[in-house]
Each structure stands twice: as structure tokens, then as C-alpha cells.
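Asker: sequence and predicted model, in that order:
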Amino acid sequence: MNSKMIVTSGGGKKVDAKIGGFIINTDQSSYAGGDDSAPAPFTLFLASIGTCAGIFVYSFCESRGIPTEGIRLVQTHFPKESGQGIGKIEIAIELPESFPEKYRDAVVNAANLCAVKKHIMEPPEFVVKAVTL
């Protein structure tokens, strides 16, 4: 699979990414000199982890006829001991009392199938280069 994302300036601290038929807008916080008009790129990175896990959790439930109402994922970020960056990401899958006990471990296993998490655990090679047009 070879896919391309085109990243362009949206002016100021805004940066936009076009992939497929979608445009993903980003901006920095006002604290970082932006306008707070869109999520920051790092926020989207964190959101990709939780939403990916969510896809697997909700798909697991739907494929077994388990209602998804009342199920939510709460993602919490813990700092590294140095205080710089994130040292731990925890995802709590909140289940209603009616959730079948026999599927509690399986729903956690489903969340762990998240492709974003897998890529973080086994990161791809990064190559950044300048090219002349």
C-alpha cells in the first residue's frame, strides 16, 4: 500500500492535510501562537488512538448483537516521570451493568487490536527529505 497525504499551510499556525476526499484542519493553541480554530496535530494523534480502539470495541459489540448504548471509552494520558511528554496512555472501557460478563475480557482484547496502537508499538521507519520541484 502506497498512499499520499498532501500537507499545506492554512496560514499562521494552521496546517491542513488532504488525504482521499478529506481535508483535516489543524491549528495550534493560542498558548502556542495559534488561533485554537482546530485540534492541534498532537491532539489528533492522541484522538486516533482512542477512536481506533473505539471502532474495534463497537464493532465487537455490534457483531454479537450487544447494544452499544452506554458504552464509552475514556482515554487518560499520564506524564513521563521527567514531566516531558506522555509516559502512559490508559483506555478504560466503561460498560453498563447489562454488558454480558462473558465478553468483558474479549472486549478488552478487541480494543487491543487497534492498528494505531500496533503501529506505535512497532513504529515504521521515518524518512524526511527535501526535494526540488
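Answerer: Yes, it's here.
Asker: looking at this, residue 106 is in a helix?
Answerer: Yes: under DSSP: H, G, I helix; E, B strand; the rest coil, residue 106 falls within a helix.
Asker: assign the nearest residue to it once chain neighbours are set aside to helix, strand or coil.
Answerer: Leaving aside its chain neighbours, residue 106 sits nearest to residue 60 (7.0 Å; criterion: C-beta to C-beta, 6 or more residues apart in numbering). No exception for glycine: its C-beta is placed from N, CA and C like everyone else's. For residue 60, the assignment made with three-state DSSP gives helix.
Asker: what's the residue sitting nearest the centre point of the chain in contact with, if anything?
Answerer: With distances taken as C-alpha atoms, centre = their mean, the residue of the chain nearest its centroid is residue 48 (1.2 Å). Listed by C-beta atoms under 8 Å, 6 or more residues apart in numbering, the contact set of residue 48 reads residue 116.
Asker: ok, residue 14 next?
Answerer: Residue 14 neighbours (C-beta under 8 Å, 6+ apart): 25-27, 34-35, 37-38.
Asker: out of the residues you listed, who's the most crowded?
Answerer: Within these, most neighbours by other C-beta atoms under 10 Å means residue 27, with 23 neighbours.
Asker: now that one: how far from residue 3?
Answerer: 24 Å (C-beta to C-beta, to the nearest Å).
Asker: low-confidence regions, this structure specifically.
Answerer: 1-2 (pLDDT under 70).
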